[in-house]
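K.L.:
could you look at this predicted model? Sequence included:
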Amino acid sequence: MTIISNAKINLGLNIIEKLPNGYHSLDMIMVPISLADKMDISFNKHKGDLKITSNIESIPTDERNILYKIYKKFYEVTKIEPESIDIYLEKNIPHEAGLGGGSSNGGFFLKELNKFHNFILNEEELIKVGKSIGADIPFFLKNTPCRVKGIGEKLQNIKNNLDCDVILIKPEFGVSTKEAYDMYSKLENKKFADIEKIISGLEENDLSKVSNNIENMLEQSLLISDENIQSFRKKIEDLNIKFFMSGSGSCYFILSDKKSTESYLEILKQMFKDCKIIKCNFI
């Protein structure tokens, strides 16, 4: 079977506090977008192990891969003897981008494992398994617009009626999520996203209301120390177009009314020749 494993962007990300276990409590909006990886999954109908191959040679295909971690955790929790499974992973979502590519792969594979085994785990149990591997995996188990709280496991469905295009700008460099969270303790004058206004803007199809209330505290943290982000952000600012970072970056995005998209794409492709410029949509 072929599974479409889509990305996400964050429309607002607030860090509420650092928890005693070292994680951070968040309040944010996550919405799925059309940019997607593909996974060809073959259940070989006999017991065995997981074999992963990919179109990207640099991707680890052993126990370091999130698919393998999901595979091991699922069979550990369910106490079922592991199936022989082959996965060919076609990666289109950039890594180190804040787009949730790995978490998406893990979440969609977890759902397929559960389906193959006659839905042995309920939703709460799936979220528990997913959360133990990656904080964004619970979102991809739902894969609908959500207000996300806690460390990523508290999900509230919201409506997204926003009729616009999403333009991604992914620079060549990546960023460290760990660095972003580490620098949060040094962040002064925190700017909070107004999550309630973003939610109402999405429901009302009010692009200005959404755009005017987005803030990302992980970006604010990175701007303290990451010179790549500092210089890249300055370059985008020169365009006088509203833009936002997704998650811990390094991908930025523009929410474009449809009549402006083509002109934005032309400008961006001329100005950012070393970046991936990707047009996509909400799903």
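P.N.:
Ah, there it is. Numbering: from 1, shown residues only.
K.L.:
which residue sits closest to Ile80 in space, ignoring its chain neighbours?
P.N.:
His117 (6.3 Å; C-beta to C-beta, 6 or more residues apart in numbering). For every residue, glycine as well, the C-beta is placed using N, CA and C.
K.L.:
repeat for Gly150
P.N.:
Ser25 (6.1 Å).
K.L.:
got it, and Gly106?
P.N.:
Leaving aside its sequence neighbours, Gly106 sits nearest to Ile66 (C-beta to C-beta, 6+ apart; 4.3 Å).
K.L.:
what about the one you found, neighbour count?
P.N.:
20 (other C-beta atoms under 10 Å).
K.L.:
state the mean pLDDT of the strand or helix carrying Asn6.
P.N.:
Here Asn6, judged by DSSP states H and E, is contained in strand 2-18. Regarding strand 2-18, the rounded mean pLDDT is 95.
K.L.:
got a list of what the residue nearest the centre of the chain touches?
P.N.:
To find the centre residue of the chain, average its C-alpha atoms and take the closest one (C-alpha atoms, centre = their mean): that gives Gly100, at 2.5 Å. Contact analysis of Gly100 by C-beta atoms under 8 Å, 6 or more residues apart in numbering lists Ala7, Lys8, Met30, Ile93, Asp136, Phe139, Phe140, Gly247.
K.L.:
the fifth one touches Leu99, doesn't it?
P.N.:
No - the pair Asp136 and Leu99 fails to qualify as a contact (C-beta atoms under 8 Å) at a distance of 9.8 Å.
K.L.:
higher neighbour count, those two?
P.N.:
More neighbours surround Leu99 than the other of Asp136 and Leu99, with 28 against 25 (other C-beta under 10 Å).
K.L.:
pLDDT score assigned to the more buried one?
P.N.:
On the pLDDT scale, Leu99 gets 96.
K.L.:
any idea how far it lies from Tyr75?
P.N.:
From Leu99 over to Tyr75 the distance is 28 Å, taken as C-beta to C-beta, to the nearest Å.
K.L.:
list the contacts for the residue lying closest to Ile199 once chain neighbours are set aside?
P.N.:
Nearest non-adjacent residue to Ile199, counting by C-beta to C-beta, 6+ apart: Ile158, 5.3 Å away. Going by C-beta under 8 Å, 6+ apart, Ile158 touches Ile29, Pro145, Cys146, Arg147, Ile199, Leu202, Glu203.
K.L.:
and the strands in this structure?
P.N.:
2-18, 24-47, 50-54, 83-90, 146-150, 154-157, 165-170, 244-245, 252-256, 276-281 (DSSP state E).
K.L.:
neighbouring contacts of the fifth one?
P.N.:
Put plainly, it is strand 146-150. Against strand 146-150 from outside (C-beta under 8 Å, 6+ apart): 25-31, 139, 154-158, 195, 199.
K.L.:
just the mean pLDDT for stretch 201-208, thanks.
P.N.:
98.
K.L.:
next, the buried residues of that stretch.
P.N.:
Neighbour-count burial for stretch 201-208 flags Gly201, Leu202, Asp206, Leu207 (criterion: 16 or more other C-beta atoms under 10 Å).
K.L.:
wait, what's in contact with the residue nearest to the second one when sequence neighbours are not counted?
P.N.:
Just to be clear, that refers to Leu202. In this structure, Leu202 finds its nearest non-sequential neighbour in Asn160, 4.6 Å apart by C-beta to C-beta, 6+ apart. Listed by C-beta under 8 Å, 6+ apart, the contact set of Asn160 reads Val31, Pro145, Leu202, Glu203, Phe282.
K.L.:
fine by me, we can end here.
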